[in-house]
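[1] Below are the sequence and a predicted model for it; my questions follow.
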Amino acid sequence: MSLGQTSFGPSWFSRRLTGFMWGLEHAFERARASGRAEDDTRLRIFFVLFLFSLGFLVLAVGATRATLFSHAAEGDGYLPPIGAARADLVDRNGQMLAADLLHYGLYIDPREIWDAGETRQVLSANLPDLSPERLDKALKAGRRTFVIGGLTPEARGKIQDLGLPGVSFEPEQKRVYPLGYTAAHLIGFADTGGQGLAGAEAALNDEVREAAAGNGAVQLSIDLRIQAAVEDELYKSVSQFRPKGAVGIVINVHTGEILALANYPTFDPNKPGAYSLDARQNKAANAIYEMGSTFKGFTVATGLDTGVATPTSTFDATHPFQLGYRTIHDYHATHAILTLVEVFQHSSNIGTARLGEEIGPERLHDYFNRFGLTQPAKTELIETARPLTPRKWDTDAIASMSFGEGINVTPLAVARAYSGLVNGGELLPLTIKKLPAGTVVHGPRMVSEKTALTLLQIMRSNVSCPCGSGKSANVPGLNVGGKTGTGNKWDPAAKRYSTTKQVSSFAAAFPTDGKLSDPRYFVLILMDEPQRDKTGADPTGGIVAAPAVGRIIERIAPFLGVQKRAETNPFTPADPNATSAEEEH
């Protein structure tokens, strides 16, 4: 450094401060030695003022540095939210499903409390959810302790106005589900730390948290109007038939969007811990069932697509059929030779098993793979369960699986497979997120378009014909098609199928007319172990599920823009007095 230059670094300030302090101390000594006490007092006052000024100067410099030179203000977004904030969840029309709201946690510091008895009495009277044990523990803790969270601003204000010493509050975010039970299993819930634990909250966890930083909302695929109709009709049927569990699903078959998903029993996501695991289980995604005769749609589609059968192909159902180790019977035997369409309409086990034998184990296994029935249903939901499939695909397996026994799948897997069969033959992933308008979704081809069109006509005939097992789902003008299912449940203790416990369902598509590219929707209702109602009728799929599907379709068609039109009645038999043979067990 050249002469005349001065360095004003930290060492220079340190030397100057040290010299100043020494000078000040000598000034104190000189004032005392000369007996001038007033000078000593003035010096000490000056010294204190200097220290305060120096402290404020340091704080000012630090604040300026933080404001001008920190990285907190860089970027074009907001600062990261305190805690683990989550974006709003809304339905496809923007209706609120879940939101973070400001709440407060209450804390107690017993060291500041004057009257513990009064504090205990006042808080107990104003906070009915606060346990006496927790309050007593906090009052004796000897330090500031968290007592209860989730207080609304109104509750906080009411307690704060009481002026209790030692009682304070801290702001906290709380996840709120304003619609309570509605769509609870699809929406799911998050923990107090902002981590999604179930449903969309878990499946879209990262997306929901990222959207919170930009004050955005995450839009789900469900339509609350459709959801309400499904829940209403499902719970009416639950009240009538008293099942242990039930499922309702509606899907846009061309996009895979889940428009409604309901389960019974259900729960309130605002307080999930108050409900059993059974109530919180998303049975649509996480429970597996032997679906019974709904699987006949898959076997028939395979027969059509492989060229093994046509709608007019015949199958001998005049007597029980021996296949592998099994003797196969029909629930209501027709004792007749049936066409493929009649096999579907009468839900003939014998006819379907004969078709399965002609298809063969290898081809049936291949097509079940194509239909997505041997893997978990492809969707964002983390709860989606794996199916239970045969270890060996042989003749014995065909004897069962051709009509829905010996294979356990989730309702969502069935819904996905049927949606692919009726959308023109492409297997699409299911989604709980709303897709942009006009989105075109493609997937691997399951069956040809010709097969898809023929299956739609066969499904329609099962509802439009008085002989069809699904006739009670018919809605004039909406061309509903579908397949009933009634599967007896396996009794592991008895090592045989139960004669009293069954799974009853109805899988439907509407409208079945028009081009394959026309708007089309899939609806499924399933009831696990339904009971006989006051009529005493056997609670089969045609009794407990098909009527509910028909009512749901009639209610939701206006929301989907589906207009009533001329009815189609393909494959209607010549005999107008033909009656239905309800589906098998």
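    Perfect, thanks for sending it.

[2] so which strand or helix has Gly248?
    Using DSSP states H and E, Gly248 sits in strand 245-252.

[3] mind checking how far the closest residue to Gly404 other than its chain neighbours is from Tyr235?
    In this structure, Gly404 finds its nearest non-sequential neighbour in Phe295, 3.4 Å apart by Cβ to Cβ, 6 or more residues apart in numbering. (Glycine included, C-beta is placed from N, CA and C.) Distance, Phe295 to Tyr235, by Cβ to Cβ, to the nearest Å: 27 Å.

[4] Who has more neighbours out of those two?
    Phe295 (29 against 17; other Cβ atoms under 10 Å).

[5] how about the more buried one, what does it touch?
    Counting by Cβ atoms under 8 Å, 6 or more residues apart in numbering, Phe295 makes contact with Met401, Ser402, Phe403, Gly404, Ile407, Gly485.

[6] quick one: pLDDT of it?
    Here, the pLDDT recorded for Phe295 equals 96.

[7] Make sure I have this right: it is in a helix.
    Yes. Assessed with DSSP: H, G, I helix; E, B strand; the rest coil, Phe295 lies in a helix.

[8] where in the protein is pLDDT low?
    The model of the chain has pLDDT under 70 over residues 1-84, 573-585.

[9] Find the residue closest to the residue most central in space within the chain in space, skipping its chain neighbours.
    Residue closest to the average C-alpha location in the chain (Cα atoms, centre = their mean): Leu186, at 2.1 Å. Leaving aside its chain neighbours, Leu186 sits nearest to Leu261 (4.5 Å; criterion: Cβ to Cβ, 6+ apart).

[10] quick one, longest strand in this protein?
    When the chain is parsed with DSSP state E, its longest strand is strand 496-510.

[11] just the angle between it and strand 245-252, please?
    Angle of strand 496-510 versus strand 245-252, following axes from the mean of the first three to the mean of the last three Cα atoms, to 10 degrees, is 30 degrees.

[12] Show me what strand 496-510 is packed up against.
    Packing partners of strand 496-510 (3 or more Cβ pairs under 8 Å, 6 or more residues apart in numbering; DSSP states H and E): helix 411-422, helix 449-464, strand 481-491, strand 521-528, helix 541-544, helix 546-560.

[13] Now do that strand against helix 546-560, angle only.
    30 degrees.

[14] Parallel or antiparallel, list what pairs with strand 496-510.
    Strand pairing for strand 496-510, using DSSP bridges, gives strand 481-491 (antiparallel), strand 521-528 (antiparallel).

[15] Buried residues, the last one. List them.
    Right, strand 521-528. Tyr521, Phe522, Val523, Leu524, Ile525, Leu526, Met527, Asp528 (16 or more other Cβ atoms under 10 Å).

[16] so how far is it off the chain centroid?
    16 Å (Cα atoms, centre = their mean, to the nearest Å).

[17] Can I get that strand in CSV? Just the C-alpha atoms.
    Provided in CSV are the C-alpha atoms of strand 521-528 (Å, rounded to 0.1, in the frame of the first residue of the first chain):
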residue,chain,number,x,y,z
TYR,A,521,-69.9,-42.9,-20.3
PHE,A,522,-69.5,-45.9,-18.1
VAL,A,523,-71.3,-46.4,-14.8
LEU,A,524,-70.7,-49.2,-12.3
ILE,A,525,-72.6,-50.0,-9.1
LEU,A,526,-71.4,-52.8,-6.8
MET,A,527,-72.8,-54.1,-3.5
ASP,A,528,-70.8,-56.4,-1.3
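
[18] coming back round to it: what element comes up after the strand holding Gly248 heading to the C-terminus?
    strand 258-264.

[19] Name the residues that touch that next one?
    92, 183-186, 221-223, 226-227, 229-231, 234-235, 238, 243, 245-252, 281-284, 379, 430-432, 521, 556.

[20] try it again with 7 Å
    Strand 258-264 is contacted by residues 183, 185-186, 221-223, 226-227, 230-231, 234-235, 238, 245-252, 282-284, 430-432 when judged by Cβ atoms under 7 Å, 6 or more residues apart in numbering.

[21] in the next helix or strand after that strand, what counts as buried?
    Note on strand 258-264: by DSSP H and E, the next helix or strand toward the C-terminus is helix 277-280. Using 16+ other Cβ under 10 Å as the test for burial, helix 277-280 gives Ala279, Arg280.

[22] by contact count, what packs against whichever helix or strand comes after helix 277-280?
    Where DSSP H and E defines the elements, the next helix or strand beyond helix 277-280 is helix 283-286. Judged by 3 or more Cβ pairs under 7 Å, 6 or more residues apart in numbering; DSSP states H and E, the packing partners of helix 283-286 are strand 245-252, strand 258-264, helix 411-422.

[23] Dump the ones you listed into a markdown table; add mean neighbour count and distance to Arg354 as well.
    Conversion of the helices and strands packed on helix 283-286 to a markdown table gives the following (neighbours: other Cβ atoms under 10 Å; distance: least, Cβ to Cβ, whole Å):
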| stretch | mean neighbour count | distance to Arg354 |
| --- | --- | --- |
| strand 245-252 | 26 | 31 |
| strand 258-264 | 27 | 36 |
| helix 411-422 | 28 | 21 |
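
[24] Go through these and name the closest to Leu204.
    strand 258-264 (13.1 Å; Cβ to Cβ).

[25] The closest one vs strand 245-252, what angle?
    Using the same axes, to 10 degrees: strand 258-264 against strand 245-252 is 180 degrees.

[26] Please state the offset of strand 258-264 from the chain centre?
    8 Å.

[27] Just checking: what are the partner strands of it?
    Short version: by DSSP bridges, strand 258-264 pairs with strand 245-252 (antiparallel).

[28] centre of the chain versus the strand it pairs with, how much separation?
    12 Å.

[29] Next: stretch 348-363.
    On Cα atoms, centre = their mean, the centre of stretch 348-363 falls 36 Å from that of its chain.

[30] Which residues outside that stretch are in contact with it?
    Here stretch 348-363 has contacts from 296, 299, 302-303, 306, 308-309, 315-317, 320-321, 323, 328-330, 334, 338, 343, 364, 393-395, 397-399, 402-403, 584, using Cβ under 7 Å, 6+ apart.

[31] out of those, which are inside helices?
    Counting by DSSP state H, the part of the contacts of stretch 348-363 found in helices is Lys296, Thr299, Thr302, Gly303, Thr306, Val343, Leu364, Thr395, Ala397, Ile398, Ala399.

[32] which one of those is nearest Val441?
    So of those, ranked by how close each gets to Val441 (Cβ to Cβ), first place is Thr302, at 23.6 Å.
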